[in-house]
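Trainee: Can you look at this prediction? I've put the sequence above it.
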Amino acid sequence: MPNMIPLLVALACGLGAALAARGAWQRRSVNRWPTALATVERTEVQVVDDHHRRADRDEHPRRFLARLHYRFEVEGNEYRSDNGQFDGVPDFTSREAAEAFFSRTPPGSRLTVRYDPMRPELTQHGEQRQPTARLGLAAFLGVAAIGALWVWW
């Protein structure tokens, strides 16, 4: 029986490459979503501390999430969303840094959001982003899968 480890590595890398490529494709789609002007309703800093043992708390400092809640209108319907719907909420190592994130978007300010035309509550705010990291990961894993198949063959 030939060594199956390279085949398993090739399959795992191929699956990872496919998932990374899918993520890059989704990001490409998000950049094409229509935009709307949103009004910031409130901001909040959430503390993330999910460690149960004291040793874990000492090694991993708390993280502070900067959540931005806003509302916007599409075709006469009002929607509410936040900055964690697509990319995830930005996190910081200190409360001060998280609060500084809100300096450009205090409650009442306006910002442009992209929304999914099929589900407008799914939004992304900020500039368009190119999925270079995901594309690089997909390429790396694809090459690794080919290399593992070559070793297996």
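Mentor: Alright, I've got the coordinates. Residues are numbered from 1 along each chain as shown.
Trainee: Please make it C-alpha for all contacts and neighbour counts, starting now.
Mentor: OK.
Trainee: and the closest residue to Ala10 other than its chain neighbours, how many neighbours?
Mentor: Beyond its immediate neighbours in the sequence, the residue positioned closest to Ala10 (Cα to Cα, 6 or more residues apart in numbering) is Ala145, lying 4.1 Å away. Under the neighbour criterion other Cα atoms under 10 Å, Ala145 is assigned a count of 24.
Trainee: can I assume Ala145 sits in a strand?
Mentor: No: when the secondary structure is assigned by DSSP: H, G, I helix; E, B strand; the rest coil, Ala145 falls in helix instead of a strand.
Trainee: wait, it sits on Leu11?
Mentor: Yes: with contact defined as Cα atoms under 8 Å, Ala145 reaches Leu11; the gap is 6.8 Å.
Trainee: Next, the buried residues of the helix ranked longest in the chain.
Mentor: Longest among the helix segments of the chain by residue count, using DSSP state H, is helix 5-30. Along helix 5-30, the positions that meet the burial threshold by neighbour count (16 or more other Cα atoms under 10 Å) are 6-7, 9-11, 13-18, 20-21, 23-24, 27, 30.
Trainee: quick one on the thing from earlier: what's the spacing between the residue nearest to Ala10 and Pro107?
Mentor: The spacing between Ala145 and Pro107, counted by Cα to Cα, to the nearest Å, is 48 Å.
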